[in-house]
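*Asks:* here's my sequence, what's the structure:
(one chain, ligands or ions: 1)
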Amino acid sequence: MSTYLIKCDICEKDIITQHCNTKYCLDCKKSMRKKQQVAAHKKYEEKANQEYEENIIIIRNSNARISAIAAEARKAGLTYGKYVASLREVTQ
Ligand SMILES: [Zn+2]
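*Replies:* From the prediction side, this is the model:
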């Protein structure tokens, strides 16, 4: 088994390793992993927040559409259901 003498990419400490693809010393590897986990968690939270915002917008838009239709229905003297049904009849 061969060993390699490598400098850590972060702290430039000499590392003796058996893997030529090693880039970081053990300490930096640990802190890198932690940073990656934090970053991954942050990314996940950002994505979840974004999806939440998007859902809120979709819900708001559909609520706005429903109340707009309901207002139209009231103007036409129909219930919401009858109005929507009459719309469907027209478009079919
Ligand atoms: Zn290091």
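
*Asks:* quick one: the lengthiest helix in the chain to chain centroid distance?
*Replies:* Scanning the chain for the helix with the most residues, using DSSP state H, yields helix 26-75. How far helix 26-75 lies from its chain's middle: 6 Å, per C-alpha atoms, centre = their mean, to the nearest Å.

*Asks:* what's in contact with whatever helix or strand comes next after it?
*Replies:* Downstream of helix 26-75, the next assigned helix or strand under DSSP states H and E is helix 80-91. For helix 80-91, contacts defined as C-beta atoms under 8 Å, 6 or more residues apart in numbering pick out 66, 69, 70, 72, 73, 76, 78. For every residue, glycine as well, the C-beta is placed using N, CA and C.

*Asks:* which one is the last one nearest to, not counting chain neighbours?
*Replies:* By that I understand residue 78. residue 86 (6.7 Å; C-beta to C-beta, 6 or more residues apart in numbering).

*Asks:* from residue 76, how far off is the one you found?
*Replies:* 8 Å (C-beta to C-beta, to the nearest Å).

*Asks:* returning to that earlier point: quick check: which helices or strands does the longest helix of the chain pack against?
*Replies:* For helix 26-75, the packing partners by 3 or more C-beta pairs under 8 Å, 6 or more residues apart in numbering; DSSP states H and E come out as helix 80-91.

*Asks:* I'd like the average pLDDT over the helix it packs on.
*Replies:* Helix 80-91 carries an average pLDDT of 83.
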